[in-house]
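1. Just a sequence and a predicted model for now, questions to come.
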Amino acid sequence: MTLLGCPVPIVLGPFGGMSSVALTAAVSEAGGLGSFGLYGYSPDRILETAAQLRAATDRPFALNLWMPADDEVPIDAVDLTGPLATVAPLYERLGLPVPSGRPALPDVDAQLDALLEARPAVASFVFGMPPAHVVDRFRAAGILLVGAATTVAEAVAVERAGADAVVASGFEAGGHRVSFLRPAERSLVGAFALVPQVVDAVRIPVIAAGGVADRRGVAAAFALGASGVQVGTAFLRTRQSAATASHRAALARVADDGTVLTRAATGRLARGIPNRLIETVEAGQIAPFPGQSWVVGALRQEANRRGEGDLQSLWSGQAASLARGDDADAVFAELSAGIPR
């Protein structure tokens, strides 16, 4: 059973801003598809990351980009006074100045050009698919394409856009809800309901995501008709991930009902473990994406550096307590045991 050119149909979730070369390479070396999230990366950094991955593994890997979506509001068009005032006490706690000015965000077209130049085996996308002329360029280069969907309608749109496979992401998954046709709050379909309906609606392989953390989740995904699984939180707990020690410790303690959906970190709905950052932001004003990401960006970065979990984005799926391994190879072996033989 192969998936996207890999002998084992297990895909590493592409952590936007939290990917590591070590974890991506470990999953690819084990026979799955390691993925690396390029959110916010400049073209030069994309090419550098691809080179680092090729130095770490000669197996296929995926590089992932966020596509522009209708919920984005240009930062220059948003009054950030309120959101900045909301987080000012948290910046003061860390001894940091409140951000000023406006950030320069990477150009998506330039990112796509760099991704094409990097030529990964697989290019994956969230929040929609690239336009047709870009898809044609990737196909001409022999790069396989994967899109993500949170509803059946999105899965059909991903297939029509030219994807070779679609990730059906149930609302149990950690991190951002990657909805792009309707608001994320109206696209909260659980994996048990979503996966079989997507399988019935499209002809391309379906990769199940959300709530898969051990062999039982993998077996269930295949019983629902999936051709593979995408796993994030279980791998995020491992020592090869870019998660901080405090983040990994939080994942080891979280219960089934211990996560929330929030817009506090970026202005987009995402699932994580509640902490002081979320509580403070949700009690005040939240800027639309990508403004909120900039509002709390320096705060989160310094909290990560210091290991202060109360001010980090503690992304987590609802099945985190089922993920008990701290080594990527051990997690991969556990997941592999659920694949039908």
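-> The structure has been received and is ready for your questions.
2. quick one: contacts for R59?
-> By Cβ atoms under 8 Å, 6 or more residues apart in numbering, the contact set of R59 is 6, 25, 28-29, 31, 34. Yep, even glycine has a C-beta here, placed from its N, CA and C like the rest.
3. same check, this time on A242
-> Taking Cβ under 8 Å, 6+ apart as the contact definition, A242 lies against 15, 18-20, 23.
4. Now, those residues that are in helices?
-> The members of those that map onto helices under DSSP state H are L23.
5. Only the buried subset of the contacts of A242, as a PyMOL command please.
-> Buried members of the contacts of A242, defined by 16 or more other Cβ atoms under 10 Å, are picked up in PyMOL with:
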select buried, resi 15+18+19+20+23
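6. so where's the chain uncertain?
-> When residues are selected by pLDDT under 70, those of the chain lie in 1.
7. now the strands for it?
-> Taking DSSP state E as the criterion, the chain contains strands spanning 10-12, 34-37, 61-66, 122-126, 144-149, 165-169, 175-176, 206-209, 228-231, 260-262, 270-272.
8. Count the neighbours of G32 for me.
-> Applying the criterion other Cβ atoms under 10 Å, we find 30 residues in the vicinity of G32.
9. Look up the closest residue to A337, ignoring the ones flanking it.
-> Closest residue to A337 apart from its sequence neighbours, by Cβ to Cβ, 6 or more residues apart in numbering: R215 at 4.2 Å.
10. Among the strands of the chain, which comes closest to A337?
-> strand 10-12 (11.0 Å; Cβ to Cβ).
11. So P89 versus A220, what's the distance?
-> With distances defined as Cβ to Cβ, to the nearest Å, the gap from P89 to A220 amounts to 44 Å.
12. I meant E172, not that one.
-> From E172 to A220 the distance is 12 Å (Cβ to Cβ).
13. between these two, who's got more neighbours?
-> E172 (23 against 18).
14. how close does the more buried one get to I273?
-> Using Cβ to Cβ, one obtains 14 Å as the distance from E172 to I273.
15. Ok, Y91 next?
-> Here the criterion is Cβ to Cβ. By it, Y91 lies 21 Å from I273.
16. Just give the nearest non-adjacent residue to L23, would you?
-> L23's closest residue in space is Q240 (Cβ to Cβ, 6+ apart), at 4.1 Å.
17. hmm, back to that, output the strands of the chain as a markdown table; include the columns distance to A245 and mean neighbour count.
-> Conversion of the strands of the chain to a markdown table gives the following (distance: least, Cβ to Cβ, whole Å; neighbours: other Cβ atoms under 10 Å):
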| stretch | distance to A245 | mean neighbour count |
| --- | --- | --- |
| strand 10-12 | 20 | 28 |
| strand 34-37 | 21 | 27 |
| strand 61-66 | 25 | 25 |
| strand 122-126 | 27 | 27 |
| strand 144-149 | 29 | 27 |
| strand 165-169 | 27 | 29 |
| strand 175-176 | 19 | 24 |
| strand 206-209 | 26 | 29 |
| strand 228-231 | 21 | 28 |
| strand 260-262 | 22 | 16 |
| strand 270-272 | 17 | 23 |
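18. Just give the number of residues close to D310.
-> D310 is flanked by 16 other residues according to other Cβ under 10 Å.
19. Let me see the contact set for it.
-> With contacts defined as Cβ under 8 Å, 6+ apart, D310 is in contact with 275-277, 303.
20. Widest-spaced pair of the contacts of R59?
-> C6 and A25 (13.3 Å).
21. circling back to that earlier point, list the ones among the contacts of D310 that fall in helices.
-> Members of these lying in helices (criterion: DSSP H): 276-277, 303.
22. Just name the closest of the residues you listed to A165, please.
-> Ranking the ones in helices among the contacts of D310 by separation from A165, with Cβ to Cβ as the measure, puts L277 on top at 34.5 Å.
23. Correct me if wrong: the closest one contacts V260.
-> No - counting by Cβ atoms under 8 Å, no contact exists between L277 and V260, whose distance comes to 11.8 Å.
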